[in-house]
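Asks: need a 3D model of the sequence below.
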Amino acid sequence: MAKRFNWQIGRELEYPYDAPPPKRQVAYIFDTNKCIECQTCTVACKTAWTSGKGQETTFWNNVETKPYGSYPQGWDSKLMDQCGGCQWNQENKLVSLTVFEKNGKGKPPAGHMPTDKDYASPNHGEDDISGMVDQGHHFGGLHPVWMFYLARICNHCDHPSCLAACPRKAIYKRNEDGIVLVDQKRCRGYQECIKACPYKKVFYNIINRASEKCIGCYPRVEEGNVALCVESCIGKIRLHGFLTTDGKPREDNPLDYIVKIRKLALPSYPQFGTGPNVFYIPPVHVPNEFLEQIFGPGVEDAKKLYKALKDDKKLLGAMMLFGASDRILTRFEVQGDEAVGWDVDNKEVARVPFTEPTYYRKHLDPKTSAYRHNTA
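Replies: Residues are numbered from 1 along each chain as shown. Here you go, the predicted structure:
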């Protein structure tokens, strides 16, 4: 067992394999405040990657409603019941045990195997709110009853538990971008990866009898393009790029800036210890007591940052680049009243104004001799 430092839990943990970090780490940021659960991302992923035989219940991307929704059912609550409550000290250092430490040294990560029934209802708990709405209740600040949408994909973790659990060593993490993949030629369908993944984002195909998981749209990433779930998102809640691994976080890297420098976006269930690389901006209307179970410490500070975005020009500029280009942005800056982004080829691909310009047109169009109903 090798000692690895996990920056999300503030301490070292024991991991079965020691390896240097990838040259760069693929990562995503999801803004839960903007998600409307239209499932466009789910459909885009499903039609592109998992529309074959044996993949009927496979959703590499899904969007579920919290607090009661989950796919597969109980994916998170069952593991939390098994591992017990997590504890953090005042320095945001995890005191409790991760999934790698729960079962003891040299043993497989703690986990659970979903049943067939758990996969039967992809929209279980959809739009269910946290309680009953009493007469006279109204929205104001913190909602008396609430729900929010949680979009989920594979986290392409720093310390993947699926990789650690595989007896065939069929799962590997790419050095060029940190994407975690399954070598299906080596896989024998033991399903230990499914049991070990805390997020249940590895699936078993009963036709080819092998495990399958989100491939991070690596054919698109290799061309410098964002993943399909990111490109298709009509709410522009997603930002896809890379975290710096070969030095200090860069101020001009939008993901470094939002995640590591400003700490606006947080990982989901960091207490599991896998180092997930999908980060979430917490919903501002949900009580901290619930959010801290999912996103760990830092929820209150992240919510304050989000509410003050209008007075934080650089952070707001980074946020405005969500969905601004189908190219992966590796550099950004604020120029006057515009946020500008450059892609992996150092080509400018996004320029978003802080204030949307308004153009007034003449009531009569001289070219067509037609009158306009809308002149602004």
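Asks: show me where the stretch 251-376 of the chain has its helices.
Replies: 254-255, 288-295, 299-307, 313-320 (DSSP state H, counting those that start in this stretch).
Asks: mean pLDDT, distance to Trp60 and mean neighbour count added to the ones you listed, as JSON lines?
Replies: (C-beta placed from N, C-alpha, C; glycine too.) Listed next are the helices of the stretch 251-376 of the chain as JSON lines, based on pLDDT from 0 to 100; distance: least, Cβ to Cβ, whole Å; neighbours: other Cβ atoms under 10 Å:
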{"stretch": "helix 254-255", "mean pLDDT": "98", "distance to Trp60": "21", "mean neighbour count": "27"}
{"stretch": "helix 288-295", "mean pLDDT": "96", "distance to Trp60": "20", "mean neighbour count": "18"}
{"stretch": "helix 299-307", "mean pLDDT": "98", "distance to Trp60": "26", "mean neighbour count": "16"}
{"stretch": "helix 313-320", "mean pLDDT": "98", "distance to Trp60": "26", "mean neighbour count": "20"}
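Asks: turn these into TSV, columns for distance to His156.
Replies: Shown next, in TSV, are these (distance: least, Cβ to Cβ, whole Å):
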stretch	distance to His156
helix 254-255	13
helix 288-295	18
helix 299-307	22
helix 313-320	21
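Asks: for Asn123, which of these is the nearest?
Replies: For these, proximity to Asn123 was assessed by Cβ to Cβ; helix 288-295 is nearest, at 19.5 Å.
Asks: can you list the low-confidence ranges for the chain?
Replies: Across the chain, the ranges flagged by pLDDT under 70 are 139, 141-142.
Asks: distance between the ends of stretch 2-16?
Replies: End-to-end distance of stretch 2-16 (Cα to Cα, to the nearest Å): 6 Å.
Asks: residues making contact with it?
Replies: Residues outside stretch 2-16 that contact it (Cβ atoms under 8 Å, 6 or more residues apart in numbering): 1, 17-18, 91-94, 98, 100-101, 105, 158-159, 164, 267, 270-271, 273, 275-276, 296.
Asks: narrow those to just the buried residues.
Replies: 94, 98, 100-101, 158-159, 164, 267, 270-271, 273, 275-276, 296 (16 or more other Cβ atoms under 10 Å).
Asks: nearest to Tyr172, of these?
Replies: Nearest to Tyr172 among the buried ones among the contacts of stretch 2-16, with distances taken as Cβ to Cβ, is Ala164, at 11.7 Å.
Asks: wait, that closest one touches Phe100, no?
Replies: Yes. Counting by Cβ atoms under 8 Å, Phe100 is a contact partner of Ala164 at 6.9 Å.
Asks: anything in contact with each of the two?
Replies: With Cβ under 8 Å, 6+ apart as the test, Ala164 and Phe100 both reach Tyr15, Pro16, Pro109.
Asks: and those residues as JSON lines, adding distance to Arg238, secondary structure and neighbour count?
Replies: Shown next, in JSON lines, are the shared contacts of Ala164 and Phe100 (distance: Cβ to Cβ, whole Å; DSSP: H, G, I helix; E, B strand; the rest coil; neighbours: other Cβ atoms under 10 Å):
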{"residue": "Tyr15", "distance to Arg238": "29", "secondary structure": "strand", "neighbour count": "24"}
{"residue": "Pro16", "distance to Arg238": "32", "secondary structure": "coil", "neighbour count": "16"}
{"residue": "Pro109", "distance to Arg238": "28", "secondary structure": "coil", "neighbour count": "27"}
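Asks: closest to Asn123 among these?
Replies: When the shared contacts of Ala164 and Phe100 are compared against Asn123 (criterion: Cβ to Cβ), the nearest one is Pro109, at 28.8 Å.
Asks: in strands only, show me the contacts of stretch 2-16.
Replies: Among the contacts of stretch 2-16, DSSP state E puts Pro267 in strands.
Asks: follow-up on the earlier one: can you put the shared contacts of Ala164 and Phe100 in CSV and add distance to Lys53?
Replies: Listed next are the shared contacts of Ala164 and Phe100 as CSV, based on distance: Cβ to Cβ, whole Å:
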residue, distance to Lys53
Tyr15, 36
Pro16, 34
Pro109, 30
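Asks: in the stretch 51-200 of the chain, which spans are helices?
Replies: 77-83, 99-102, 161-165, 192-196.
Asks: to Phe332, which of the ones you listed lies closest?
Replies: helix 161-165 (31.9 Å).
Asks: surely Ala339 meets Arg331?
Replies: No. Using Cβ under 8 Å, Ala339 is not in contact with Arg331; the gap is 11.7 Å.
Asks: of the two, which one has the most company?
Replies: More crowded of Ala339 and Arg331, by other Cβ atoms under 10 Å: Ala339, with 24 against 16.
Asks: excluding chain neighbours, what is closest to the more buried one?
Replies: Nearest residue to Ala339, sequence neighbours excluded (Cβ to Cβ, 6 or more residues apart in numbering): Gly317, at 3.6 Å.
Asks: next one: Ala110
Replies: Closest to Ala110 by Cβ to Cβ, 6+ apart is Lys102, at 3.9 Å.
Asks: what sits against the one you found?
Replies: Gln82, Cys83, Pro109, Ala110.
Asks: ok so, going back, turn the helices of the stretch 51-200 of the chain into TSV, columns for distance to Ala350.
Replies: As requested, the helices of the stretch 51-200 of the chain are exported to TSV (distance: least, Cβ to Cβ, whole Å):
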stretch	distance to Ala350
helix 77-83	38
helix 99-102	38
helix 161-165	34
helix 192-196	37
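Asks: Ala308 is nearest to which of these?
Replies: Per Cβ to Cβ, nearest to Ala308 of the helices of the stretch 51-200 of the chain: helix 77-83, 31.7 Å.
Asks: how about the closest one, which residues are buried there?
Replies: For helix 77-83, burial by neighbour count (16+ other Cβ under 10 Å) applies to Lys78, Leu79, Met80, Cys83.
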